[in-house]
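S.K.: Give me the fold of what follows.
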Amino acid sequence: MIISRTPFRVTLGGGGTDLPSFYEKHGGFIFAMGLDKYMYVFLNRPFVDRKVRLHYTKSETVDRVDGLKHELAREALKLHGIECAIEISSLADLPASTGLGSSSCYLVGLLTALHNYRHTYLSLQELAEEACHIELNILRKGIGKQDQYMAAFGGLTVLEIAKDGKVGVRQLGLGAGAIAELVANSHLYFLGKTRDAQEVLSDQDKAMKKEDATDRKQVEESLCNIKELGYRILEAIENENFDDYGLMMDEHWQNKKRLSNKISLTEVDELYDYVKKEFGVLGGKIVGAGGGGFLMLYCPKEHKKLANYMATRGYQRLHYNLEFEGSKVVANLHTSQNIGIDHSYVLAD
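M.R.: Model (predicted):
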């Protein structure tokens, strides 16, 4: 059995500019951070059983990979020439469809396990591009490139996306004290609602693809503003001007809401205005495409009061830290190559 571990992510700047419909015209920019919350993928090749068994929120058992309904698993296995005799399970620290890149985490984690099984080692950049190829080229999903790259790299990572789709990667180094301050001030609260990222992103994508779309100008202008803001956010965080970053989050959120009426929720807008006034929140946004998932609020002082108030509204704070490594194999029980994993726990499931 091979077990891979892949970090979830939160975008700090430039979100939405990684879609081909935008970066093919303007180039894209993403600044994001990996979280110490993970997707785990378990891969096993049984000695006798020739079935394909897949366990996620559902379970599938088929004779051959082509019969799988789970698109990501099916296409990853096909790409690696595996047709049968495999069992794959997945577990995650956080729910799917919450804006933290879970689908790409699953895919990158599965590809990491497959490469380890086949002894075909490749760079993190190649791993991310393989995942992008499956999601964008094979499955034609209306998503961008940031989730695959962040799943592969983790850390505080900057992505410069050229018009031809090539991605330059740079990882940012901050001191331990600065990271602790940034994380402490950047609260995450689960809204209790999930959403389909592709559905939310479709309005933006359609507007950018149609020259005569009525909202094309508004969407394009907002994304250009978000890209420019992303560079400013990066500069503020590099210089440890975290309150400036918090204020820019507010500016980002106002631009992001102009991309689609599916991004925000009435209760979130009302909540956001209230916590800014009562608890000194400088800025915030719904993480990911929007429409549900996690709300990030930048609060430099009234941490406990804000968290207590949010709890009374039914929104629990997610405590997290940064994860500086990307997708990796944490155990290979066939070869006894293990990193920080308790065998008794894994085998008891």
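
S.K.: can you map out the helices along the stretch 51-200 of the chain?
M.R.: With helices called from DSSP state H, counting those that start in this stretch, the stretch 51-200 of the chain shows them at 71-79, 102-118, 124-132, 146-153, 176-185, 197-209.

S.K.: Indicate which one of the ones you listed is closest to Leu282.
M.R.: helix 176-185 (8.7 Å; Cβ to Cβ). Every residue, glycine included, has its C-beta placed from N, CA and C.

S.K.: How about the contacts made by Thr17?
M.R.: Neighbouring residues of Thr17 by Cβ atoms under 8 Å, 6 or more residues apart in numbering: 23, 26-30, 144, 161, 223, 226-227, 230.

S.K.: Any of those buried? List them.
M.R.: Among the contacts of Thr17, those classed as buried by 16 or more other Cβ atoms under 10 Å are 23, 28-30, 144, 161, 223, 226-227, 230.

S.K.: want to throw the residues you listed into TSV with distance to Lys257, pLDDT and secondary structure?
M.R.: Shown next, in TSV, are those (distance: Cβ to Cβ, whole Å; pLDDT from 0 to 100; DSSP: H, G, I helix; E, B strand; the rest coil):
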residue	distance to Lys257	pLDDT	secondary structure
Tyr23	21	96	helix
Gly28	20	97	strand
Phe29	20	98	strand
Ile30	19	98	strand
Gly144	19	93	coil
Ile161	23	98	strand
Leu223	13	93	helix
Ile226	11	95	helix
Lys227	16	97	helix
Gly230	17	97	helix
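
S.K.: Rebuild the residues you listed as TSV, extending it with distance to His319.
M.R.: Listed next are those as TSV, based on distance: Cβ to Cβ, whole Å:
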residue	distance to His319
Tyr23	34
Gly28	31
Phe29	29
Ile30	24
Gly144	28
Ile161	31
Leu223	32
Ile226	28
Lys227	31
Gly230	26
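
S.K.: any weak-confidence spans in the chain?
M.R.: Along the chain, the model assigns pLDDT under 70 to residues 195-201, 203, 212-213, 289, 334-349.

S.K.: Walk me through the domains of it.
M.R.: 1-173+323-349, 175-318 (automatic domain parsing).

S.K.: burial measure for the residue nearest to Ala178 when sequence neighbours are not counted, as a count.
M.R.: Distance criterion Cβ to Cβ, 6 or more residues apart in numbering; nearest residue to Ala178, sequence neighbours excluded, is Glu240 at 4.9 Å. If you count neighbours by other Cβ atoms under 10 Å, Glu240 ends up with 15.

S.K.: residues contacting Glu240?
M.R.: By Cβ under 8 Å, 6+ apart, the residues touching Glu240 are 174, 178, 181.

S.K.: how many other residues sit next to the last one?
M.R.: By the measure other Cβ under 10 Å, the count of residues near Glu181 is 15.

S.K.: I'd like the numbering to begin with 44 instead of 1 from here.
M.R.: From this message on, residue numbering opens at 44, which makes the last subject Glu224.

S.K.: didn't it look like it was pressed against Phe285?
M.R.: Yes - Glu224 is in contact with Phe285 according to Cβ atoms under 8 Å; the separation is 6.0 Å.

S.K.: got the contact list for the residue lying closest to Ser147 once chain neighbours are set aside?
M.R.: Nearest residue to Ser147, sequence neighbours excluded (Cβ to Cβ, 6+ apart): Asp190, at 3.5 Å. Asp190 is in contact with 52, 144, 146-148, counting by Cβ under 8 Å, 6+ apart.

S.K.: which residues touch stretch 291-300?
M.R.: By Cβ under 8 Å, 6+ apart, stretch 291-300 touches 56, 58-59, 265-266, 268-269, 272, 275-276, 279, 306-307, 315, 319, 325-328, 333, 339, 341.

S.K.: Burial-wise, tell me which of the helices of the stretch 94-243 of the chain comes out on top.
M.R.: helix 189-196 (a mean of 30; mean count of other Cβ atoms under 10 Å).

S.K.: and that helix, how far from the chain's centre?
M.R.: Put simply, helix 189-196 sits 7 Å off its chain's centre (Cα atoms, centre = their mean, to the nearest Å).

S.K.: Which of the helices or strands spans the nearest residue to Arg356 once chain neighbours are set aside?
M.R.: Counting by Cβ to Cβ, 6+ apart, the nearest residue to Arg356 once its immediate chain neighbours are dropped is Leu314, at 7.0 Å. Element membership for Leu314, per DSSP states H and E: helix 309-322.

S.K.: strand partners of the following helix or strand past that helix, parallel vs antiparallel please.
M.R.: Next helix or strand after helix 309-322 toward the C-terminus (DSSP H and E): strand 326-329. Strand 326-329 has its sheet partners listed here by DSSP bridges as strand 337-341 (antiparallel).

S.K.: got the angle between the strand it pairs with and helix 309-322?
M.R.: Using axes from the mean of the first three to the mean of the last three Cα atoms, to 10 degrees, the inter-axis angle of strand 337-341 relative to helix 309-322 is 20 degrees.

S.K.: Tell me how many other residues crowd Ala135.
M.R.: 21.

S.K.: tally of neighbours for Ser133?
M.R.: Using other Cβ under 10 Å: Ser133 sits among 23 other residues.
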